[in-house]
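Enquirer: Just the structure for this:
(chains A and B)
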Amino acid sequence: MTDSKVMNIAKKRGFLWSSFEIYSGSAGFFDYGPLGAILKSNIIEKWRKYYIIQEGFYEIESPTIMPEEALKASGHVDHFTDPMTECKECMEVYRADHIIEDVIDQEVEGLEDQRLTEILSENQIVCPKCGGHLTHVWSYNLMFQTLIGAKGKKTGYMRPETAQGIFIPFKRLLRFFRGKLPFGVVQIGKAYRNEISPRQGIIRLREFTQAEAEIFVDPSIKTHPKFDKFADDTLTLFSAEQQMNSRELEKINAKKAVEEGIISSEILTYQLCLAARFLSDLGIPSDVIRFRQHLPTEMAHYAIDCWDVEVQTDRFGWIEIIGIADRTDFDLKSHSTHSKEDLSVFIEYDKPKTITKLGVKPDMKKFGPLFKGDAPKILDSLKNLDATVIKKGFDEEGKFKLEIEGKIYEITPDIISFEELEEIIRGEKVLPHVIEPSYGIDRIIYSVLLHSYKENEDRTYLKLEKEIAPIGVSVFPLVNKDELVETANNIRDELRNHGIIAEYDGSGTIGRRYARADEIGVPFAVTVDHETLENHTVTIRNRDDLKQVRKPIKDIYNILVNLLEGRIDFEDI
RNA sequence: GCGGUUGUAGUCUAGUCUGGUUAGGACUUGGGCCUUCCAAGCCUACGACCCGGGUUCAAAUCCCGGCAGCCGCACCA
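Expert: Model (predicted):
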């Protein structure tokens, strides 16, 4: 299996280690070793080039520990849980909702634990395996809980996603972007989920790194001004319809996917294309990537369309590495309700609209004495009412009954008059919709390693893209002669002065040195040989085809910088 | 979380059943020799019984518990 070969190299050469090894480890945690950490940072840096530089989004950084209220509002405290029940006899643990649905054939999702427990006993549901009694239902929340502060004992949680850290300061962000949609904000950082049983290596972690972008858009404008640049890209889609009819993947032109309504909007399609290009830039071939649409049954209640970018693996099958969703206004609406903050955006019309409407004008001389202390709230209530309703009351019954907090007030024509008001409406307040590409960085790193692994009879190597390879250049003496060793070390130092991560290796024979460098995907090697001493030239070796070219030492620094930054190709030097 | 199974240097493995010398080998890695371009050879060195308890004169070996890996079930907002 490629998986085991790659994970072997990853462990042996310092990309990935399972954490806390000397204390026998803890499932769901991984260390990035020296090479892994550089690879990760190179990949994240590339992500920033895409989303921050190219798309013009801005990055923020928010705490990984969040107070309970914030996650209550987002729904995670109550809903990021699974209802569980256990058999008292054989100790088997089940999802309570699943075994209920199996027996009574009724949707019970979202019901309280108490209610589920009742349903279990009402229907005399027993353990499907041994027929034993089941315990009461409890919620297993996947968030890590902690306490904030020594005294107040305020409950906090490790964030289960970075997204919430962007929604919460929305008002500040909106002001930063000077009140105009659309705008995008990204966050790269750790997120935490206390998985019940993480057993898939780096695929299922309890602490993992996300790179998320939240793009806030006008709900009525889901096009993208730069869609043209991706319109001809080909996407491999596995739509909900295809999945339900168990049909094949469909390769389709991006523009067509929008036109045929397979993907719900142009802006979502744009994000799919952007993700595809990013992955391709990381060296993941397009034939191991597909876009799988969430089925209506699996779609989170807040999303109207969601596509997972999946990568094919030999060990786990298709795994999700990116989720791209239209989250609508769910999050902002929810935070707005809980925090009582107005999180809407004023969207100005192209042309102001003028409308005439009936306004209510109370006669305060009579109004005040009549209602005394209640007057202010009556006024407030009247202002929010449609004046025509009041007028209708007067016309039909000669009065209007206004009910506030259970109390009824009689409004009569002598205390108010009506007036025609002309109002200019320049725009309206709307809650933005959110388009969210959410990257699982650890899974992407796994995919990159997995699909860069190459082997043939002679050698094994990682074909890492030169821009993300942890080590840029290896420098070797052809044989261990003092003069060659010294020159090689000098070249290594000078490469470092040019900003390249370079290593010297003088151990074993030249072949072994190349092999060691290949195994960790070093794209280029510089070899100092006997000719170097005569004419100050060295060879540059290209990892992928083993070709070598000879160049003067003084020229190689700029050549290698240009090669590594992708400005020139090896064939051109 | 349940059941099965496994755990010996960085890696692969012998030894475990049947307790008993200094836990053996190969590869890798470090140092050296040799070597004028792709894991060669020679010398040399470093390096391990998952953790904790128990049984025993004596535990890598037997027993119990924990942890971790693998497989199956379950789970994956």
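Enquirer: could you point out which element follows the helix or strand containing residue A:355?
Expert: If you go by DSSP states H and E, residue A:355 is part of strand A:345-362. Stepping forward along the backbone from strand A:345-362, the first helix or strand reached (DSSP H and E) is helix A:364-371.
Enquirer: Show me how far that next one is from its chain's centre.
Expert: Between the centre of helix A:364-371 and the centre of its host chain there is 58 Å, according to C-alpha atoms, centre = their mean, to the nearest Å.
Enquirer: helices and strands around it, which ones?
Expert: Using 3 or more C-beta pairs under 8 Å, 6 or more residues apart in numbering; DSSP states H and E as the contact definition, the elements that helix A:364-371 packs against are helix A:375-384. Any C-beta I mention is one placed from the backbone N, CA and C, and that applies to glycine too.
Enquirer: Spell out the secondary structure type for the closest residue to RNA strand B within the stretch 301-450 of chain A.
Expert: Using C-beta to the nearest atom of the strand, the single residue of the stretch 301-450 of chain A nearest to RNA strand B is residue A:315, 7.2 Å away. Applying DSSP: H, G, I helix; E, B strand; the rest coil to residue A:315 yields a three-state assignment of coil.
Enquirer: what number of residues lie near it?
Expert: The number of residues packed near residue A:315 is 16, by other C-beta atoms under 10 Å.
Enquirer: Residue A:565 too?
Expert: 13.
Enquirer: shaky segments in the stretch 351-500 of chain A?
Expert: With pLDDT under 70 as the threshold, the stretch 351-500 of chain A has low-confidence stretches at A:382-384.
Enquirer: go with 90
Expert: For the stretch 351-500 of chain A, applying pLDDT under 90 flags the ranges A:351-427, A:456-458.
Enquirer: Where do the helices of it begin and end?
Expert: A:364-371, A:375-384, A:387-397, A:441-452, A:482-497 (DSSP state H, counting those that start in this stretch).
Enquirer: Report the buried residues of the shortest one.
Expert: In other words, helix A:364-371. By neighbour count on 16 or more other C-beta atoms under 10 Å, the buried set for helix A:364-371 is A:367, A:370-371.
Enquirer: Between helix A:375-384 and the strand holding residue A:355, find me the angle.
Expert: For strand A:345-362 against helix A:375-384, the angle by axes from the mean of the first three to the mean of the last three C-alpha atoms, to 10 degrees is 120 degrees.
Enquirer: Same list, the buried residues of helix A:364-371, but only the ones touching RNA strand B.
Expert: By C-beta under 7 Å from any atom of the strand, no member of the buried residues of helix A:364-371 lies near RNA strand B.
Enquirer: Among these, which one lies nearest to residue A:558?
Expert: residue A:367 (84.2 Å; C-beta to C-beta).
Enquirer: Next up, the contacts around that closest one.
Expert: Contact criterion C-beta atoms under 8 Å, 6 or more residues apart in numbering gives A:375, A:378-379, A:415-416 as the residues in contact with residue A:367.
Enquirer: interface residues of the stretch 51-200 of chain A facing RNA strand B?
Expert: Taking C-beta under 7 Å from any atom of the strand as the criterion, the contact residues of the stretch 51-200 of chain A with RNA strand B come out as A:76, A:79-80, A:82, A:86, A:90-95, A:98, A:142, A:160-161, A:193, A:195-197, A:199-200.
Enquirer: Could you point out the bridge partners of the residue nearest the centre of chain A in the sheet?
Expert: With distances taken as C-alpha atoms, centre = their mean, chain A has residue A:438 as the residue nearest its mean C-alpha position (1.6 Å). Beta-bridge pairing for residue A:438 (DSSP bridges): residue A:212, residue A:323.
Enquirer: Residue in the stretch 251-400 of chain A with the shortest distance to RNA strand B?
Expert: Distances between the stretch 251-400 of chain A and RNA strand B by C-beta to the nearest atom of the strand are smallest at residue A:300, namely 5.3 Å.
Enquirer: And that residue, its phi and psi?
Expert: Residue A:300 adopts backbone torsions of phi -60, psi 150, taken as degrees, to the nearest 10.
Enquirer: I figured it was touching residue A:325, is that so?
Expert: Yes - the pair formed by residue A:300 and residue A:325 meets the contact definition of C-beta atoms under 8 Å, at 7.5 Å.
Enquirer: out of those two, which sits in the busier spot?
Expert: The residue with more neighbours, out of residue A:300 and residue A:325, is residue A:325; 23 against 13, by other C-beta under 10 Å.
Enquirer: Tell me who's in contact with that one.
Expert: By C-beta under 8 Å, 6+ apart, the residues touching residue A:325 are A:300, A:303, A:305-307, A:435-436, A:438.
Enquirer: Among those, which one has the most neighbours?
Expert: The most neighbours of any of these, using other C-beta under 10 Å, belong to residue A:307, which has 30 neighbours.
Enquirer: Nice, that's everything, thank you.
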